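1. Provide a 3D model corresponding to the input given below.
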Amino acid sequence: MMPIGYEFGFRKKLDVVSTRLTDWETASFDLQRFIKMVNELKIEYPLLHGEGKLKTVTSNGSTLVLERRTEEASGQLAWVLVNKTKGSHTTVTLDGIALSPRHRLHRICRDENSSPEVPVLGQPLVLDPAEVVLLLES
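-> The predicted model follows:
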């Protein structure tokens with residue numbers, strides 16, 4: 001759940017009693033497509049329901065974070081890769097992590113709504129600045 005205006009980058013704090021339609025601001029950006037895509041992923045993948053267990057597997061200083069998410073009831077496993085740098089790309093390989101043939105790469109921060117990709121071990125994966133990538137079992 002998020003307050004109205006968050007998806008547009010509104011800057012004025014809302015008040016549940018006094019905020020009116022006339023308080024609507026000019027949008028700084030528009031996250032509606034991104035929010036819709038994340039909500040669709042959460043519906044499709046039970047692993048993303050609720051809190052789950054998230055564990056940082058590796059953190060390369062200020063550049064890259066790799067986290068593992070598990071869901072005990074189903075035994076599902078997902079990976080989250082985060083490029084923490086805002087100004088540059090970073091390249092990683094997916095060697096050394098447990099991937100099943102059912103894992104798919106979801107590039108949720110891209111403007112284009114691309115289809116999930118099949119991850120390839122050993123091949124370089126380039127993450128855009130500040131990109132978050134999900135590896136989810138289908």
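2. Quick check: the gap between the closest residue to residue 48 other than its chain neighbours and residue 75.
-> Once flanking residues are discounted, residue 48 sits nearest to residue 42: 4.5 Å by C-beta to C-beta, 6 or more residues apart in numbering. (Glycine included, C-beta is placed from N, CA and C.) Taking C-beta to C-beta, to the nearest Å as the measure, residue 42 falls 19 Å from residue 75.
3. Helix or strand: which one has the residue nearest to residue 48?
-> According to DSSP states H and E, residue 42 maps onto helix 32-44.
4. got the contact list for that helix?
-> By C-beta atoms under 8 Å, 6 or more residues apart in numbering, the residues outside helix 32-44 that reach it are 2, 7, 48, 49, 106, 108, 109, 111, 113, 134, 136.
5. Output that helix as PDB - backbone C-alpha positions only.
-> Listed next in PDB are the C-alpha coordinates belonging to helix 32-44 (Å, rounded to 0.1, in the frame of the first residue of the first chain):
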ATOM      1  CA  GLN A  32       2.400   3.400 -12.800                       C
ATOM      2  CA  ARG A  33       3.700   0.800 -15.300                       C
ATOM      3  CA  PHE A  34       6.400  -0.300 -12.900                       C
ATOM      4  CA  ILE A  35       4.000  -0.700 -10.000                       C
ATOM      5  CA  LYS A  36       1.600  -2.600 -12.200                       C
ATOM      6  CA  MET A  37       4.400  -4.900 -13.300                       C
ATOM      7  CA  VAL A  38       5.500  -5.600  -9.700                       C
ATOM      8  CA  ASN A  39       2.000  -6.300  -8.600                       C
ATOM      9  CA  GLU A  40       1.500  -8.700 -11.500                       C
ATOM     10  CA  LEU A  41       4.700 -10.500 -10.500                       C
ATOM     11  CA  LYS A  42       3.500 -10.700  -6.900                       C
ATOM     12  CA  ILE A  43       0.300 -12.300  -8.000                       C
ATOM     13  CA  GLU A  44       2.000 -14.800 -10.400                       C
END
